[in-house]
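Student: please find the sequence and the predicted model below.
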Amino acid sequence: MGEHEKADHAAQARQHIDWVHEWQSEEGATEATHLATALVAQAEATLALAEQQRIANLIAFLATRPDNHTQGRLQTEIRKGLGL
């Protein structure tokens, strides 16, 4: 990654979660895989909270700029984020 590139931490976390799932299926149930399961659950919950905060920020931004020319795009992103 270059000096000025933005890291996609959510994508990196999802990749690590996938790697843990692969390792768990190969390793079986051990103390280590049980601990990894707890850590994966925590990572997934954190990612969910980050997504909800992003949606809340979009809603707040939209509320402050009702005449904004990007209103349609923001509403689409909000609906998608809410699963509507």
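Tutor: Looks like it arrived, so ask away.

Student: Ala45 and Ile55, how far apart?
Tutor: Per C-beta to C-beta, to the nearest Å, Ala45 is found 16 Å from Ile55. Every C-beta, even on glycine, is put in place using the N, C-alpha and C of the backbone.

Student: check Glu27 too.
Tutor: Taken as C-beta to C-beta, the span from Glu27 to Ile55 is 36 Å.

Student: do the same with Glu22
Tutor: In terms of C-beta to C-beta, Glu22 sits 30 Å off from Ile55.

Student: which one of those two has more residues nearby?
Tutor: Counted by other C-beta atoms under 10 Å, Glu22 and Ile55 do not tie: Ile55 has more neighbours, with 16 against 10.

Student: in which helix or strand does that one reside?
Tutor: In this assignment (DSSP states H and E), Ile55 forms part of helix 31-64.

Student: helices or strands up against that helix?
Tutor: Using 3 or more C-beta pairs under 8 Å, 6 or more residues apart in numbering; DSSP states H and E as the contact test, the elements touching helix 31-64 are helix 9-27, helix 71-82.

Student: packing partners for the shortest one?
Tutor: Yep, that's helix 71-82 we're talking about. Partner elements for helix 71-82 (3+ C-beta pairs under 8 Å, 6+ apart): helix 31-64.

Student: now the helix it packs on: buried residues?
Tutor: Neighbour-count burial for helix 31-64 flags 33, 36, 40, 43, 47, 55, 58, 62 (criterion: 16 or more other C-beta atoms under 10 Å).
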